[in-house]
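> Build me a model:
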Amino acid sequence: MTGPSDWPLPPQGVRFLVPRFLLQRLQQHALTQGLFPRAMGYYPDALGHRVERQSHADHLLLYCAGGRGMLRVNRRQYAVARGDLMMLPRNLLHAYASSSREPWTLYWVHFDGADVDGFWEHMNFLPDRPVRHVGAAPKVIEDFETLLEVRNTGFREGFFIHASNHLRQMLGMFGLMISTHLRRSSGDGFDLESIHAVMHEKLHGHLDLATLAEVAGMSRHGFCRRYKAQTGNSPYQHFLHLKMERACYLLDITDQTVGDIAESLGYDDAYYFSRLFRKVMGLSPSRYRESRHG
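Numbering: from 1, shown residues only. Take a look at the predicted model:
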């Protein structure tokens, strides 16, 4: 595997390689073979940091927590700034360098596993878009710091199982953050957050596509098509799921009858509501309440 560079560590910097004997276990363990870290690190104020790889046999993700720099992939150069992710899957040859005026602070992780391709797809990786903005989020820094804590555990396998699944959670979160930023920066007026806020306000009634289309500044047909392209569901399907989420909550915390809950969600026919609930949740409202999950 390619592994980390041999760039000299800055003061307070961190570079940690998972030992080979643990990598072999992580590759085979049922809880980690899908995704596990190979190496990780932290380079604060990394003046002079420069890496160029002529071969690249593992997967690498870098987060710019401050400063600036550049990434070159396939002879194209990309600016990197605070809040940006650099996404570098296996075999994507690259070079990157910190700014001499505003040296960057980087968190990074090399990783592998059977599920890696699925995570790159979830993070909407494209070869011509290797830099994606997720924002200067304290949560991201906190998660990287949590990942780095594994270096102080005496190579105990259980901690590396936890770190592997923490990394899984991080990549899942990055996918959501990237898609959210893409929607906000599209500039086409299609604001899912506003649309969903209207849906929440209308949970007691029926879905009015004309109102949602007006919020989006589109025709009804254009809105429905765009919504499904963005989310994978129709507006009606998402609205139904919101209603059933609310129904579950009311079944859990109140003693209201199924009929009263149905009426509060805009259903005059409790039997029709129960059929919809069963279709979504896989069991009737009464059985759901009786199960008392957790």
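
> In terms of pLDDT, where does the residue nearest to residue 277 when sequence neighbours are not counted sit?
Distance criterion C-beta to C-beta, 6 or more residues apart in numbering; nearest residue to residue 277, sequence neighbours excluded, is residue 285 at 5.0 Å. (C-beta placed from N, C-alpha, C; glycine too.) On the pLDDT scale, residue 285 is placed at 94.

> How many residues are close by residue 285?
24 (other C-beta atoms under 10 Å).

> State the distance from it to residue 268.
16 Å (C-beta to C-beta, to the nearest Å).

> what does residue 31 give?
48 Å.

> Neighbour count: those two, which is higher?
Comparing residue 31 with residue 268 by other C-beta under 10 Å, the one with more neighbours is residue 31, at 13 against 9.

> Look at the closest residue to that one other than its chain neighbours and tell me its secondary structure.
Using C-beta to C-beta, 6+ apart and skipping residues adjacent in sequence, the residue nearest residue 31 is residue 161, 5.3 Å away. When classified by DSSP: H, G, I helix; E, B strand; the rest coil, residue 161 comes out as helix.

> Isn't residue 161 up against residue 29?
Yes: contact criterion C-beta atoms under 8 Å: residue 161 and residue 29 qualify, at 6.7 Å.

> Tell me how this protein divides into domains.
14-185, 192-291 (automatic domain parsing).

> which stretch in those domains has the least confidence?
Among these, domain 192-291 carries the lowest mean pLDDT, a mean of 90.

> The helix or strand residue 198 falls within - contacts with which helices or strands?
Per DSSP states H and E: residue 198 is located in helix 192-201. With contacts defined as 3 or more C-beta pairs under 8 Å, 6 or more residues apart in numbering; DSSP states H and E, helix 192-201 has these neighbours: helix 209-216, helix 220-231, helix 235-253.

> how close does the residue positioned nearest the centre of the chain get to residue 139?
The residue lying closest to the centre of the chain (C-alpha atoms, centre = their mean) is residue 173, at 2.4 Å. According to C-beta to C-beta, residue 173 stands 8 Å off from residue 139.
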